[in-house]
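Chemist: Provided below are the primary sequence and the corresponding predicted coordinates.
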Amino acid sequence: MTLLLNSKDVHVEFPTRLVLDQVTLGINSGDRIGIVGKNGDGKSTLLSVLAGNLTPTQGEVARQSKVTVGVLGQSDELDESATVAYALVGDAPEYTWASNRATREIVEALIGDIDMSTRIAELSGGQRRRLDLAQLLIGDWDVLMLDEPTNHLDVHTIAWLAKHLRGRWSKNAGALLVISHDRWFLDEVCDSMWEVHDGQVDAFEGGYSAYILQRVERDRVAAVTEQRRRNLARKELAWLSRGPQARSTKPKFRVASAWELIENEPPARNTLVLKRMAMQRLGKKIIDITDVSAGYGDKTLIEDLTWLIGPGDRFGILGVNGSGKTSLLKLLEGTLAPLSGEIKIGKTVKMATLSQQLDELVEFEDMRIHEILATFKSSYMVEGKSLSPAQLLERLGFESTHLNARASDLSGGQKRQLSLLMALMKEPNVLILDEPGNDLDTDTLAALEDLLDSWPGTLIIVSHDRYLMERVTDQQFALIGGQLRHVPGGVDEYLKLIAKSEATSEGESIEEKRNTSSDVVAKEAAKSSGSPTHFSGGQLYEMRKQLASVERKLETLNRQLEEHKAKASEVNSTDYQALIDHQDAQTELESQISELEIQWIELSEALG
């Protein structure tokens, strides 16, 4: 390995806070490093310093001669008046860059749906982001530094980007540094991690999953050490508290030692905890959609949709950008009227939404946080305790000082957390979330998932974060060619459908491919999903209820089986009767489990 770039004793301090404190790091050829940490802890600052775009307060960053560094920031510097083609390759004629297979693949994957003669000023935020990324990737760089590269990318494009980055260099060549909240992406492209916190950078071997495992072990060891410190502090203080006369006879160093233990106790880090709110009662009928078509103007995004959403359903919606996912959510919440068909919403439904653009916060932009919280109830019951909205907000990772801040001054992640809390304080029983993971750091995402894991109401979610999608939803659906298709295999099955469509469309022009891929995928989805169109909505609902019931029973029986096995291992080997009883119980449980597994398979196949 060759050292490409390194920092020595880097110190970055802004007027109000310390960001990096004496950080020394090295980047070698072959490194694939993911950077994580809480929002505001300095991830982007670290990347800017290493890239040479920000001069540290102290310390230095050295780069080997002729080492080239390419950087994707969170905002672009594209010329508004330039065309897409000029921003991408300058004045180079199309045949020169189109003949390069690697360049052609990047352009097709990221901006194949954009007319190359379009002016930058006419592009959407997502299109600009993809163009900026394509412009970077077609360059030849020794080191790539990417700040949230998956923003505005759909699941399919994220998978392509991961594959591209894995194969961009040979094993021991090039270097990659990437900041991302997409944990699947980090696992796919990174073989080491940096955690930025409290002005320091901790290094971990392995991808995101390995990092979490090591962090848990680190925290466990730290907890044991801290408990020992606390016990020692309590003993010292007990010894000191035996009265002034007793204290005056003790050596002064022991007094100083005890108070040092107290003063040096680190403050508890803000635990990002989202707690379940009280739920309104749900009836049997939630949302029934029958033969609904929807769109805007002459463009139809959803055609002849029939969909039954029942109490406790947890559905995830997949699809490429522009396929109509957000429009589908607007249909459910009633802000978009269907072109045809009927939508019935149950009388007991109390709905709350989190939009992608955080429209819910617009009317509160000029208000201070404590003023916003004052518009809700004064207290909420959480785990048997009465908590005020301010206390709930603090449990989300906010500090008390944030209460006086205006909503417009919050970071993107903080705005999303506040908006989510406001949705929960409405005490809904149906929750509709459009890209809830945007702008959230990985710790907050884990806390969000913890909340949604135990969400007792109905949950509908659109997300390009496959970890989030697969963890918190029970079933996934894909919007393909205007049709909502059930994909029992989740994101992997959806990506296979997209891959099949691309194989079928090979040889077509980019424009033809974009126009036909939805139809091809729709046909493949219909074949592979086994969508149970011959069942009525009521039958589907009952079958899903039976499936959920079978899963719960299987979980209970498997737990009982493990308990019997554990008890049997503790029985004295000479107690034959006890051993026989445990064996009989295990056999009976295994028989019941086998029958339920057959029932589960039959129901799963029937539901597709």
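Modeler: Sure thing, it's come through. Treat the numbers as computed from the prediction; the structure is a model and nothing was measured.
Chemist: Show me where the stretch 401-550 of the chain has its helices.
Modeler: When assigned using DSSP state H, counting those that start in this stretch, the helices of the stretch 401-550 of the chain occupy the ranges 412-424, 442-453, 466-472, 490-504, 510-529, 537-570.
Chemist: Out of those, which gets nearest to Tyr296?
Modeler: helix 510-529 (16.9 Å; CB to CB). All C-beta atoms are positioned from the backbone trio N, CA, C, and that covers glycine.
Chemist: Outline the domain layout of the chain.
Modeler: For the chain, automatic domain parsing gives the domain ranges 3-211, 212-263, 287-486, 537-607.
Chemist: What residues of stretch 197-210 count as buried?
Modeler: Neighbour counts over stretch 197-210 (16 or more other CB atoms under 10 Å) mark 199, 201, 204, 206-208, 210 as buried.
Chemist: quick one: which of the residues you listed is nearest His370?
Modeler: The shortest approach to His370 among the buried residues of stretch 197-210 belongs to Gly199, at 29.2 Å (CB to CB).
Chemist: Please name the nearest non-neighbouring residue to that closest one.
Modeler: Once flanking residues are discounted, Gly199 sits nearest to Asp21: 3.4 Å by CB to CB, 6 or more residues apart in numbering.
Chemist: need the contact list for the one you found.
Modeler: Asp21 is in contact with 11, 198-200, counting by CB atoms under 8 Å, 6 or more residues apart in numbering.
Chemist: again, only this time at 10 Å
Modeler: 9-13, 42, 58-59, 198-201 (CB atoms under 10 Å, 6 or more residues apart in numbering).
Chemist: quick one: Glu470 and Val487 touch, right?
Modeler: No: between Glu470 and Val487 there is no contact under CB atoms under 10 Å: 11.3 Å.
Chemist: higher neighbour count, those two?
Modeler: Neighbour comparison, Glu470 and Val487: the larger count goes to Val487, with 24 against 16 (by other CB atoms under 10 Å).
Chemist: per-residue pLDDT, the more buried one?
Modeler: pLDDT for Val487: 90.
Chemist: likewise Val430?
Modeler: With respect to pLDDT, Val430 scores 91.
Chemist: And Asn515, by the same measure?
Modeler: What the model reports for Asn515 is a pLDDT of 48.
Chemist: mind starting the numbering at 2 from now?
Modeler: Will do, 2 is the new start, and the previous item becomes Asn516.
Chemist: residues in contact with stretch 78-96?
Modeler: Stretch 78-96 is contacted from outside by 77, 97-99, 104, 107-108, 111-112, 115-124, 128-129, 132-133, 135-136, 139, using CB under 10 Å, 6+ apart.
Chemist: what about 8 Å?
Modeler: 97-98, 108, 112, 115-122, 124, 129, 132-133, 135-136, 139.
Chemist: Show the buried residues in the residues you listed.
Modeler: Burial by neighbour count, 16+ other CB under 10 Å: within the contacts of stretch 78-96 this picks out 98, 108, 112, 115, 121, 124, 129, 132-133, 135-136, 139.
Chemist: lowest-confidence stretch among the helices of the stretch 402-551 of the chain?
Modeler: Among these, helix 511-530 scores lowest, at a mean of 46.
Chemist: between Glu471 and Val488, what contacts are shared?
Modeler: Here Glu471 and Val488 have Gln477 as joint contacts, going by CB under 8 Å, 6+ apart.
Chemist: follow-up on the earlier one: out of the contacts of stretch 78-96, list just those in helices.
Modeler: Here DSSP state H is the test, and these give 97-98, 108, 112, 129, 132-133, 135-136 as lying in helices.
Chemist: how about the residues you listed in CSV, adding pLDDT and distance to Thr301?
Modeler: Converted to CSV, the ones in helices among the contacts of stretch 78-96 look like this (pLDDT from 0 to 100; distance: CB to CB, whole Å):
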residue, pLDDT, distance to Thr301
Thr97, 79, 40
Trp98, 81, 36
Val108, 93, 29
Ile112, 92, 25
Arg129, 91, 27
Leu132, 95, 28
Asp133, 95, 31
Ala135, 95, 30
Gln136, 94, 33
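Chemist: In the residues you listed, find the pair that's most separated.
Modeler: Thr97 and Arg129 (24.3 Å).
Chemist: would CSV of the helices of the stretch 402-551 of the chain with distance to Leu604 be doable?
Modeler: Listed next are those as CSV, based on distance: least, CB to CB, whole Å:
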stretch, distance to Leu604
helix 413-425, 33
helix 443-454, 23
helix 467-473, 20
helix 491-505, 18
helix 511-530, 16
helix 538-571, 5
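Chemist: Between those helices, which one is closest to Leu608.
Modeler: The stretch from the helices of the stretch 402-551 of the chain with the least distance to Leu608 (CB to CB) is helix 538-571; that distance is 5.8 Å.
Chemist: Okay, buried residues for that closest one please.
Modeler: By 16+ other CB under 10 Å, the buried positions in helix 538-571 come out as 541-542, 544-545, 547-548, 551, 555, 558, 561-562, 565.
Chemist: any idea which of those is closest to Gln357?
Modeler: Checking these against Gln357 by CB to CB gives Arg545 as the nearest, at 27.9 Å.
Chemist: Tell me which residues touch the closest one, please.
Modeler: By CB under 8 Å, 6+ apart, Arg545 lies in contact with 311, 314, 608.
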